[in-house]
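Asker: Next comes the sequence, and after it the predicted model I'd like to discuss.
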Amino acid sequence: MSRETVLTNARIVLHDEILHGSVLLRDGRIADISSDPSAAGDDLDGDLLLPGLVELHTDHLESHAQPRPGTHWDAVPAVLAHDAQLSGAGVTTVFDAIRIGTQEGRNDSTDLARSLADAIEHADKAGITRAQHFIHLRCEVAAPATIAEFQAFDDVASLRLASLMDHTPGQRQYADVEAFRRYMVGKGRVSAAGIEPLMLELKEVAEHYSVPNRKAIAALASARGVALAAHDDATVEHVDESAAFGVMISEFPTTEIAARAAREHGQLIVMGAPNIVRGGSQSGNVAAADLLSLGLLDILSSDYVPASPLQAIVQLDADGEYPLVDGAKLVSGNPAQAVGLDDRGSIEIGRRADLIRVHRHTLEATDRHPLGRSVPVVRAVFREGARVS
């Protein structure tokens, strides 16, 4: 028996317009889109109806598994808490970023990564998550054991994305070593007295492992059919190297030069939505808003703030800087395209009924937002037509 739902009196964010009307959901798919806002059904009271967000890079799961330094939370409850937070932010598909590669004075990488992957697969198969979960391995190529750790995921079916990272101080994200110093000491990972010896050690280890590990991980990902991303490319040479490995996703390029090179190679460019919301990079790298204005930004990810992608596109629209129909592509359509999920990412007949109902709450204007602040309030989330939040 068919399962039908009608969402009516909605401002539907389509690929080229916002239509005041209704949407028919049938058996998990979008069956019809109508310009009649008075059709019988669930009245959305004029709220926005957007495609569910597709999140490619969120580091937030690890903070649920290790809520404080030295503490560990059971992996399945950690995944469920993370999932609830993402769903509340409008995410219906997520690539959970899991770090491998012992670096920056940490030695807990392998066991934590595998336990989280197993928990993700268990929760998804049990049908207890709101969003659909895949795995994104963040591979620290400067670490000695990264290749072996990647191979430990050979039996993890939900691994669909891997990124090549190198957080060695003095290059890429941490070209400004003072930013690295502030981050590490501020997070309590190393003392002020220990930061100089640590940076020296990291540079020496990276000289030995970074290049061969980068090549090996790229080859392993290609052999498995796992999409590959480059992380924090800063120079034309970095981008040329990643392109030679078959990389088609450029995550967080740190300079305009690198972003332009990525565009020339046909790579889709990902930036962190917190960069947009805050008004710049916390590491002093290129601002996401600048890349957006230059046409050099395709995808926004939440990075370390789950609510930031939706907040970014709603505020950009309120500021008159970037229309919401295009903002939706940054957080739904383009990320789905980047990882080959062509069944979702937009409100079209035949697509998955992954949808979010969003109310705009207005706050007073500020110098930065003279037209007023616009806060998205997620009132309902639908995954394959079923309400999950």
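Answerer: Structure's in. What do you need?

Asker: Confirm for me that Val226 is in contact with Arg160.
Answerer: Yes - between Val226 and Arg160 there is a contact under Cβ atoms under 8 Å: 6.3 Å. Heads up, the C-betas are built off the backbone N, CA and C, glycines and all.

Asker: count of neighbours near Thr366?
Answerer: If you count neighbours by other Cβ atoms under 10 Å, Thr366 ends up with 10.

Asker: and it, what are its phi and psi?
Answerer: For Thr366, the backbone dihedrals are phi -130, psi 170 (criterion: degrees, to the nearest 10).

Asker: Run through the bridge partners of the residue nearest to it when sequence neighbours are not counted.
Answerer: Spatial nearest neighbour of Thr366, excluding adjacent residues (Cβ to Cβ, 6 or more residues apart in numbering): Arg373 at 6.6 Å. Under DSSP bridges, the beta-bridge partners of Arg373 are Leu363.

Asker: What's the per-residue pLDDT of Arg373 here?
Answerer: Arg373 carries a pLDDT value of 95.

Asker: what's it in contact with, if anything?
Answerer: Arg373 makes contacts with Gln315, Ala318, Thr362, Leu363, Glu364, Ala365, Thr366, as judged by Cβ atoms under 8 Å, 6 or more residues apart in numbering.

Asker: let's see 7 Å
Answerer: For Arg373, the contact set (Cβ atoms under 7 Å, 6 or more residues apart in numbering) comprises Gln315, Leu363, Thr366.

Asker: Identify, from those residues, the entry nearest to Ala243.
Answerer: Ranked by distance to Ala243 (Cβ to Cβ), these are led by Gln315 at 33.1 Å.

Asker: so which strand or helix has that closest one?
Answerer: Gln315 belongs to helix 308-318 when elements are defined using DSSP states H and E.

Asker: What is that helix packed up against?
Answerer: Secondary-structure packing of helix 308-318 (3 or more Cβ pairs under 7 Å, 6 or more residues apart in numbering; DSSP states H and E): helix 273-278, strand 299-301, helix 324-328, strand 373-383.

Asker: Between helix 308-318 and the longest one, find me the angle.
Answerer: Meaning strand 373-383. Our comparison of strand 373-383 with helix 308-318, counting by axes from the mean of the first three to the mean of the last three Cα atoms, to 10 degrees, yields an angle of 130 degrees.

Asker: all helices in the chain, in order from the N-terminus.
Answerer: Using DSSP state H, the helices found in the chain span residues 61-65, 75-88, 109-126, 146-151, 177-186, 195-224, 236-244, 256-264, 273-278, 288-293, 308-318, 324-328, 334-338.

Asker: Would you reformat those helices as CSV and include mean neighbour count, mean pLDDT and distance to Leu7?
Answerer: Shown next, in CSV, are those (neighbours: other Cβ atoms under 10 Å; pLDDT from 0 to 100; distance: least, Cβ to Cβ, whole Å):
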stretch, mean neighbour count, mean pLDDT, distance to Leu7
helix 61-65, 20, 91, 30
helix 75-88, 21, 97, 17
helix 109-126, 18, 90, 26
helix 146-151, 19, 91, 42
helix 177-186, 16, 62, 44
helix 195-224, 16, 78, 39
helix 236-244, 18, 94, 41
helix 256-264, 20, 97, 37
helix 273-278, 22, 95, 26
helix 288-293, 20, 97, 30
helix 308-318, 24, 98, 18
helix 324-328, 20, 98, 16
helix 334-338, 23, 98, 21
